[in-house]
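[1] One predicted model, sequence on top.
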Amino acid sequence: MLALRDIRRRFGQTTAVDGLSLEVRAGEVFGLLGPNGAGKSTTIAIATGLLAPDSGSVDLLGMGSPSDPKVRMHLGLAPQEITLYAELTARENLRFFADLYGVADARARVDELLALVELDARAHDRVSTFSGGMKRRLNLAAALVHDPRLVLLDEPTAGVDPQSRNRILELVRRLASEGKTVVYTTHYMEEAAKICDRVGIVDHGRLLDVGTVAELVARHGGQSAVTVERDGVEQRILTADPVAEVARQFTLVDGGADGGTGPVTGVRIERPDLETVFLALTGRSLRE
Amino acid sequence: MRAIAAIARKDLRLLFRDKGDVFFTFVFPVVIAVLFGFVFGGGSGGGGTIDLAVVRESDSTLARGLADDLAKDPSFTTTSFETREAAADAVRAGKATAAVILPKSLDAGLEGLFSGQGIAIDAVVDPSRRAEAGLIQGKLNELAFRQFPKLFSNSTEMKRAYSAARDSIANARGLSPTQKLLGAGMITAAESFSSSIGGEPTADTGAAPASDGAFFAPIAVKVEELAPRAGRPRAAFDVTFPQGIVWGLAGCFGAFAASLVTERSRGTLDRLRLAPITAFHLISGKAIACLVAGLLVQALVFTVAILFFGARIAQPAMLVVAAFAAAFAFAGLAMALAAFCRTEAEANGAGRGAILILALIGGGTIPLFFMPPFLRTLSYGSPFRWAVAAIEGPFWRDTPLSEQVVPLVVLIGIGFLGWIVGARALWRPFAR
């Protein structure tokens, strides 16, 4: 669906994207996970043709570069910034973009999208009166107005309340269920883990690894940790099978030399996650 | 075409939803036109000089003296013309406020005065500058009187006059020999007196004669207004409404320049770039919006002028052409300004600044005829001047097409230039 090959892009002395290659498969939700400044937005801009790479190539749908308007017709972008006309209403914004794309029966399509992002009740209100979450949803709707096959969402939940975030994540799942391919950039690992079929870890403009969350965790997350408490003493045990380890601990009389004595009074399991993966790959936390 | 129409519709909606833009585009021009109309309605002008076209058909001392004094007078800036027609054209084209013709009859000099013909000077004035016509008439009388001491102290001129007078008396059929002798004696006495006070010209004191010419009126200044055309101005409002219109166009210019920069700074330009449209669609859409807004403001101002101030349009079809040309020029300027500005603050600051400067030097605030000559020369660089000229022609001047061509061509040229500069700047982000 989307292939980036050895993409490089510099801004002055700063290398934003450094030899990044990735392939997004049709119908999947692909997450680009990385901290702020990792090069995610630059990658998206190059993937959409908004920015030309210094070197490397982009291929969309096997049709070539998105610099060709015919190819570009198949992608929709919801940029990180709210790129809407604040003094137009929600309906006017969507209608404008529908007209730009020559959408047939634009009125019906606009109604459909307003219902999809649950803004039909506010269709005639100006965007400037909307909350952050409502603007985000409308920003996403504007990317869908021409029913693209590939949707690129650049940090679509940035700065929104938990309720709006959940609505957006539900929306992404719904798009995936309709067969659309979604590229989703975020620095929230929970979001990536929740909705992405595959995740690419990005840092300093490089793609460090790609895979399903389970594959990444298996490759880089290490073992789970089971913390067992006996008589006020905690014992941390690394294991590949934490459930089996917990069961085993309940069969023991005491914790041995490093553990407490007596029966188990508490158990805590810590499984490796994308945060652990990122830490393992970069030596620092995603939130740093 | 649908994309272009969508962009134009969207930009017009945004214009009408911005109270500041609505004020500067639609309200401010009417206020300016009405206010300046009242200010200039009864006034006779400020401290600037009056442009005079001077035609010297006579090479007499009197004619030369008058022409020199007109040139030296601080109230006037004179330009010499060969023919009356050329001078009248200059007045009609607004290049001169009035034309002064020093006719062939001035060749008679003092002979004419002594023979009772008087000194006749013709003046042709722009009907919209009646306020200055009185001043010009008074000045001509004053300057003509100033020539008398020079003529009476010019020995050659006087000898010629005395000789002509003697011949005239000698040949007069109705006079008896005694009357002829008496007349010749008076001429000789006057000649002796004249010789006794010296033959060199007296110093010009610059003072006007004491006589007001009520009982002796040797100078006749015949003022002729240009053959009135249908669009003769009825009031100062006819002059100030075109000024108001260009302020409205300037309001559009500022608003649309800022709108393009806003598209860039707020990221909507990226959405436009992703859509299957080219820079041509975007520029065309914005052009149409700016053009429509420019035409709307002109329609509004003309409606107010006609309904409330009794204005009449001399050439409606040509006025539509001029309105298009003016709107096109300012739309082009908006695109050019947007090309140079990176931020909204820059566009607003530079836009308003450019408008003020161009308006000031282009006669948008103070009419050109009130300005000193160097500012009038500078005004050729302002689209305000050309827009006012283009609109005034078919509005009330009723100038022939040949005279309307220049401002129209200049405006269209400005428009194209602006579009090219703006398009180049916009084309870059669209080129991948």
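    All right, it came through fine. Residues are numbered from 1 along each chain as shown, chains lettered A, B, ... in the order given.

[2] From here on, just use CA atoms for contacts and neighbour counts.
    Noted.

[3] And the strands in the stretch 51-200 of chain A, which stretches?
    Assigned by DSSP state E, counting those that start in this stretch, the stretch 51-200 of chain A shows strands spanning A:55-60, A:75-78, A:150-154, A:181-186, A:198-203.

[4] Nearest to B:Val223 among these would be which one?
    strand A:75-78 (73.2 Å; C-alpha to C-alpha).

[5] List the buried residues of the closest one.
    A:Leu75, A:Gly76, A:Leu77, A:Ala78 (16 or more other C-alpha atoms under 10 Å in any protein chain shown).

[6] Just send those back as a markdown table, with distance to A:Arg137 and pLDDT too.
    Listed next are the buried residues of strand A:75-78 as a markdown table, based on distance: C-alpha to C-alpha, whole Å; pLDDT from 0 to 100:
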| residue | distance to A:Arg137 | pLDDT |
| --- | --- | --- |
| A:Leu75 | 17 | 92 |
| A:Gly76 | 14 | 93 |
| A:Leu77 | 13 | 93 |
| A:Ala78 | 9 | 93 |
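
[7] Just the closest of the residues you listed to A:Leu152, please.
    The closest of the buried residues of strand A:75-78 to A:Leu152 turns out to be A:Leu77 (C-alpha to C-alpha; 4.8 Å).

[8] From chain B, how far off is the closest one?
    Distance, A:Leu77 to chain B, using C-alpha to the nearest C-alpha, to the nearest Å: 8 Å.

[9] and chain B, which residues reach chain A?
    B:2-3, B:6-7, B:10, B:13-14, B:17, B:266-268, B:270-271, B:273-277, B:432 (C-alpha under 8 Å from any C-alpha of the partner chain).

[10] Next, count neighbours for the nearest residue to B:Ala133 once chain neighbours are set aside.
    For B:Ala133, ignoring the flanking residues on the chain, the nearest one in space by C-alpha to C-alpha, 6 or more residues apart in numbering or on different chains is B:Val125 at 6.5 Å. By other C-alpha atoms under 10 Å in any protein chain shown, 25 other residues sit near B:Val125.

[11] In contact with B:Val125, which residues?
    B:Val91, B:Thr97, B:Ala98, B:Ala99, B:Ala133, B:Val223, B:Glu224, B:Glu225, B:Leu226 (C-alpha atoms under 8 Å, 6 or more residues apart in numbering or on different chains).

[12] closest to A:Gly102 out of the strands of the stretch 51-200 of chain A?
    Ranking these by their distance to A:Gly102 (criterion: C-alpha to C-alpha) puts strand A:75-78 first, at 14.3 Å.

[13] Read off the pLDDT value for residue 156.
    No chain specified, so I'll use chain A. pLDDT, A:Pro156: 90.

[14] could you do chain B instead?
    B:Thr156 carries a pLDDT value of 69.

[15] B:Gly45 too?
    41.

[16] got the residues of chain A near chain B?
    A:48-52, A:67, A:69-70, A:72-73, A:77, A:81-85, A:87-88, A:96, A:99-102.

[17] Buried among those residues? Make that a ChimeraX selection.
    Buried residues within the residues of chain A next to chain B, by 16+ other C-alpha under 10 Å, are selected in ChimeraX with:
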select /A:48,49,50,51,52,67,69,72,73,77,81,82,83,84,85,87,88,96,99,100,101,102
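
[18] ok, then the element right after the helix or strand where B:Val22 lies?
    Element membership of B:Val22, judged by DSSP states H and E, is helix B:19-22. Next in sequence after helix B:19-22, counting helices and strands by DSSP H and E, comes helix B:28-41.

[19] what packs against that next one?
    Using 3 or more C-alpha pairs under 8 Å, 6 or more residues apart in numbering or on different chains; DSSP states H and E as the contact test, the elements touching helix B:28-41 are helix B:236-265, helix B:279-309.

[20] Those: lowest mean pLDDT?
    helix B:236-265 has the lowest average pLDDT among the helices and strands packed on helix B:28-41, namely a mean of 82.

[21] Quick check: which helices or strands does that one pack against?
    On a contact count with 3+ C-alpha pairs under 8 Å, 6+ apart, helix B:236-265 meets helix B:19-22, helix B:28-41, helix B:279-309, helix B:316-340, helix B:344-362, helix B:383-392.

[22] So which of the ones you listed is nearest A:Glu270?
    Nearest of those (C-alpha to C-alpha): helix B:344-362, 51.2 Å.

[23] what angle separates the closest one from helix B:236-265?
    Counting by axes from the mean of the first three to the mean of the last three C-alpha atoms, to 10 degrees, helix B:344-362 points 160 degrees away from the direction of helix B:236-265.

[24] Compute the inter-axis angle for helix B:344-362 and helix B:316-340.
    Put simply, helix B:344-362 runs at 140 degrees to helix B:316-340, going by the same axes, to 10 degrees.

[25] so what are the domain limits for chain B?
    Annotated domains of chain B cover B:2-40+B:231-431, B:50-225 [automatic domain parsing].

[26] and A:Ala104, what are its phi and psi?
    Here is the backbone geometry of A:Ala104 (degrees, to the nearest 10): phi -70, psi 140.

[27] An error on my part: the question was meant for A:Glu178.
    With angles defined as degrees, to the nearest 10, A:Glu178 sits at phi -80, psi 0.
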